[in-house]
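Colleague: Got a predicted model here, sequence first, then my questions.
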Amino acid sequence: MVWKRLGMPEAPASAELRRDFGEAYARAVAALEPRLSYRRYEISSVAEGAVTLAGGTSLAGADVASLAAGAEALVIMAATVGGEVEAAAAAYEASGETFKMTVADAAGSVAAEELMAALHRRVREEAERAGEAVTKRISPGYGDFELASQPAVLELAGGADLGIRLTENFMMVPRKSVTAIAAVGKK
């Protein structure tokens, strides 16, 4: 997946390129520190442009409201692969090894997304066992689900317990982190 993400050709690459890729990929994988968290919140109300959860937190956006229409709850999720993979990419960058830096960075991005996909599958499987259905997931920054919602989403998901924090521009640190919401309701 990392090879494809980088747009590398399917045809066999040179031995040197394969070696450099393999080395950077192995270092990145060894640096991964996957952690995840998710919590379920009952929905108090769904308005045209917002969802209010039990406890009073509101998440704004027509996309959020559409996702939650007819649902009973939202599952708020956070996943990170930690900051060590970023450190590996930074070390390659500092030594002028741009290709290896790019591989390590891509490996971290793919791993974070795959971790969130696995978490979403787990939530879906748990819901199915309870006779419920789970929607697709969306993240702050998707459609009109404003990135400014990130602090609330991160807090509701328990992201601080995973070591995730936000910059003043709502970017997550470690960067290889993902938050998302999905709606849950009866089948």
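Modeller: Structure's in. What do you need?
Colleague: Could you use CA atoms for every contact and neighbour count after this?
Modeller: OK.
Colleague: got the contact list for stretch 95-107?
Modeller: For stretch 95-107, the external contacting residues (C-alpha atoms under 8 Å, 6 or more residues apart in numbering) are 2, 5-6, 20-21, 23-25, 27-29, 85-86, 88-93.
Colleague: same thing but 7 Å
Modeller: Here stretch 95-107 makes contact (C-alpha atoms under 7 Å, 6 or more residues apart in numbering) with 2, 20-21, 24-25, 28, 85-86, 88-90, 92-93.
Colleague: Kindly list the longest helix within the chain.
Modeller: With secondary structure taken from DSSP state H, the chain has its longest helix at helix 98-129.
Colleague: after that one, next one along is what?
Modeller: strand 132-134 (DSSP states H and E).
Colleague: Now do whatever helix or strand comes next after that following strand: distance to the chain's middle.
Modeller: Counting by DSSP H and E, the element after strand 132-134 in chain order, helix or strand, is helix 150-157. Put simply, helix 150-157 sits 12 Å off its chain's centre (C-alpha atoms, centre = their mean, to the nearest Å).
Colleague: Tell me where the chain is predicted with low confidence.
Modeller: Along the chain, the parts satisfying pLDDT under 70 run over 11-12.
Colleague: contacts for the longest strand along the chain?
Modeller: With secondary structure taken from DSSP state E, the chain has its longest strand at strand 35-47. Contacts to strand 35-47, defined as C-alpha under 7 Å, 6+ apart, come from residues 51-54, 65, 68-69, 72-81, 157-159, 162.
Colleague: Just the buried residues out of the residues you listed, in ChimeraX syntax.
Modeller: The ChimeraX selection below is limited to those of the contacts of strand 35-47 classed as buried (16 or more other C-alpha atoms under 10 Å):
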select :51,52,53,65,68,69,72,73,74,75,76,77,78,79,80,81,157,158,159,162
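Colleague: tell me how far stretch 16-30 is from the chain's mean position?
Modeller: For stretch 16-30, the distance from its own C-alpha centre to the chain's C-alpha centre is 23 Å (C-alpha atoms, centre = their mean).
Colleague: again with stretch 157-174
Modeller: 11 Å.
Colleague: measure that stretch end to end?
Modeller: 16 Å (C-alpha to C-alpha, to the nearest Å).
Colleague: buried ones in it?
Modeller: The neighbour-count check on stretch 157-174 (16+ other C-alpha under 10 Å) flags 157, 158, 159, 162, 164, 165, 166, 171, 172, 174 as buried.
Colleague: Give me the subset of these lying in helices.
Modeller: Short answer: these in helices (DSSP H) are residue 157.
Colleague: want to throw the buried residues of stretch 157-174 into CSV with distance to residue 43?
Modeller: As requested, the buried residues of stretch 157-174 are exported to CSV (distance: C-alpha to C-alpha, whole Å):
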residue, distance to residue 43
157, 15
158, 18
159, 20
162, 25
164, 25
165, 26
166, 25
171, 26
172, 26
174, 30
